[in-house]
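*Asks:* Quick one, fold the following:
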Amino acid sequence: MTAVQGGPRRLARDLVEFPEWDCPGIAVHPGIALRSRKRLDWQDHPRGPYRVIDHTCCCQAVVYELICVGGIYQVHKVVQSDPREHTYTGGWRGDEARYWWMRILLGSAR
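*Replies:* Below is the predicted model of the structure:
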């Protein structure tokens, strides 16, 4: 609890339940999805065989990967449930892909 403008107020970190496992700390954690976020269209399959360019931390329930399919970029979303759910969005060139990747990381697109 902290004092904000003279009164007690709970911090966001006080409201979050942390997982029982340790975070490996090897990648960024995406921000919380904003209410005004852009909703992306997600498909069940990638455009083809791909390689991973960037990714979010695997300690989260949802992991995102920026992937490249023959020069075209997509985002791969993995919901770590049982069974895992895989969806894909995009079909962008380099600069546009980085723009959408950053929006996903900031929570302004999902």
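
*Asks:* list the buried ones in the strand or helix carrying residue 95?
*Replies:* Assigned by DSSP states H and E, residue 95 falls within helix 94-106. The neighbour-count check on helix 94-106 (16 or more other Cβ atoms under 10 Å) flags 97, 100-101, 103-105 as buried. Quick note: C-beta positions are derived from backbone N, CA and C, even for glycine.

*Asks:* so what's residue 72 closest to, chain neighbours aside?
*Replies:* Among residues not flanking residue 72 along the chain, residue 91 sits closest, at 5.7 Å (Cβ to Cβ, 6 or more residues apart in numbering).

*Asks:* hang on, that neighbour packs against residue 75?
*Replies:* No: Residue 91 lies out of contact with residue 75 (Cβ atoms under 8 Å); the separation is 10.3 Å.

*Asks:* Looking at the two, which one has more neighbours?
*Replies:* residue 75 (22 against 13; other Cβ atoms under 10 Å).

*Asks:* which ones are touching that one?
*Replies:* Shown in contact with residue 75 (Cβ atoms under 8 Å, 6 or more residues apart in numbering): 40, 64-67, 88-90, 100-101, 104.

*Asks:* how does it look with 6 Å?
*Replies:* By Cβ atoms under 6 Å, 6 or more residues apart in numbering, the contact set of residue 75 is 64, 66, 89-90.

*Asks:* follow-up on the earlier one: how far is the helix or strand encompassing the residue nearest to residue 72 from where the chain is centred?
*Replies:* Residue 91 is part of strand 85-92 when elements are defined by DSSP H and E. Here strand 85-92 is found 12 Å from its chain centre; the criterion is Cα atoms, centre = their mean, to the nearest Å.

*Asks:* re earlier: quick check: the residue nearest to residue 72 vs residue 76, distance?
*Replies:* Separation of residue 91 from residue 76 (Cβ to Cβ, to the nearest Å): 13 Å.

*Asks:* Now stretch 50-67: buried residues?
*Replies:* So for stretch 50-67, counting by 16+ other Cβ under 10 Å, buried means 50, 54-56, 59, 63-67.
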